[in-house]
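S.K.: Turn this into a model:
(2 chains)
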Amino acid sequence: MKVNELASALRLQSITEPDGEREIDGCYIGDLLSWVMGRAQSGNVWVTIMSNINIVAVATLADVSCIVLAEGVTVEDSVKAVAEAKGVNLFTTPMTAYEIAAKIAALTV
Amino acid sequence: MKELSLNILDVAENSVKAGASLIGIELDETEELLTLRITDNGCGMTPEILASVTDPFYTTRTTRKVGLGLPLLKLAAEQTGGSMTVASRHESTNPEDHGTEVTATFYKNHIDCTPMGDVISSIVTLIQGNPTRDFVFTHKRSEGNVVLDTRQLRDVLGEDVPLNSFEVLQWITEFLREQYAGDENR
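M.R.: Predicted coordinates:
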């Protein structure tokens, strides 16, 4: 499944979507960025409530397919601009991390 | 990071990479605040580099394009309501007095305050990996201060005994443990 297909299926609100054709491969939930850096896998949908600029760096480093901000979290314009520039797909949704992961599992597993 | 002791290790390694011969690691605890200050006499940073140190996409590494050491320390401090500052004097403009000072302040009682972790292991790891550099570790606490100055150790041991020999590292570990345990034995 591609990022843009997932976003459509789950009605995720797009913040940046520079690479919507990216294939997704699994899901990782985590808010401790140093932990996520070493554990999220390439292609994962990364679900978090963190919203500072560092999430874009971690997403780049871990090569996740997209970041989904749970529970209605949003980012500042400066973070949006960097995500766009670095090619990081970024979405937000009112759902909890559990709800998002369950729905991703239902769609992809 | 999961523990503050890992941040200490990470930031002090920056001092090592900056060529510092003397690195100070100070923890200052009050009832409400924990202040971490790491100082060094390394090459320092130019104003341009200093302005970029909390940008995670700025790094001196050549192996990857992301540097998260100081950005993560800043985040850890700020998520408790605290802050982080970095001051630096570059050797090109201050040939006699250059170096960097990183100061992070944490509100200890905030629910998101990172646990301290194993500071003794971090200090010992730094000495083990960098036996020719000197470290001054100070932990100011209401229960009693913990202090280690490797320059004093070097004076006693002389040039022939490296600080990263097994016996010395073991002694340092015990020395720090005893100081931390001292208040419990009072």
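
S.K.: Contact residues of chain A facing chain B?
M.R.: A:32-35, A:37, A:52-54, A:56-58, A:60-61, A:82, A:86 (CB under 8 Å from any CB of the partner chain). For every residue, glycine as well, the C-beta is placed using N, CA and C.

S.K.: Got the phi and psi for residue B:38?
M.R.: phi -120, psi 120 (degrees, to the nearest 10).

S.K.: I figured it hits residue B:101, correct?
M.R.: Yes - under the criterion of CB atoms under 8 Å, residue B:38 makes contact with residue B:101 at 7.4 Å.

S.K.: what about these two, which has more around it?
M.R.: It is residue B:38, of residue B:38 and residue B:101, that has more neighbours when counted by other CB atoms under 10 Å in any protein chain shown, with 24 against 15.

S.K.: Work out for me the element residue A:84 sits within.
M.R.: Residue A:84 belongs to helix A:77-86 when elements are defined using DSSP states H and E.

S.K.: so how far is that helix off the chain centroid?
M.R.: 14 Å (CA atoms, centre = their mean, to the nearest Å).

S.K.: partner strands of the helix or strand following it, parallel or antiparallel?
M.R.: Moving toward the C-terminus from helix A:77-86, the next helix or strand (DSSP H and E) is strand A:90-92. The pairing partners recorded for strand A:90-92 under DSSP bridges are strand A:13-16 (antiparallel), strand A:66-69 (parallel).

S.K.: And the closest residue to chain B within chain A, its phi and psi?
M.R.: In chain A, the residue that lies nearest chain B is residue A:57 (3.4 Å; CB to the nearest CB). Backbone torsions of residue A:57, given as degrees, to the nearest 10, read phi -60, psi -40.

S.K.: Can you report how many residues lie near the spatially closest residue to it that is not a sequence neighbour?
M.R.: Ranked by CB to CB, 6 or more residues apart in numbering or on different chains and with sequence neighbours excluded, the top spatial neighbour of residue A:57 is residue B:56, at 3.4 Å. By other CB under 10 Å, the residues close to residue B:56 number 27.

S.K.: Mind telling me which residue of chain B is nearest chain A?
M.R.: residue B:56 (3.4 Å).

S.K.: wouldn't that residue be in contact with residue B:73 here?
M.R.: No - using CB under 8 Å, residue B:56 is not in contact with residue B:73; the gap is 11.6 Å.

S.K.: So the residue nearest to residue B:116 when sequence neighbours are not counted versus residue B:38, what's the distance?
M.R.: The shortest distance from residue B:116 to any non-neighbouring residue, by CB to CB, 6+ apart, is to residue B:4 (5.1 Å). Per CB to CB, to the nearest Å, residue B:4 is found 12 Å from residue B:38.

S.K.: Likewise for residue B:138?
M.R.: Taking CB to CB, one finds residue B:138 at 11 Å from residue B:38.
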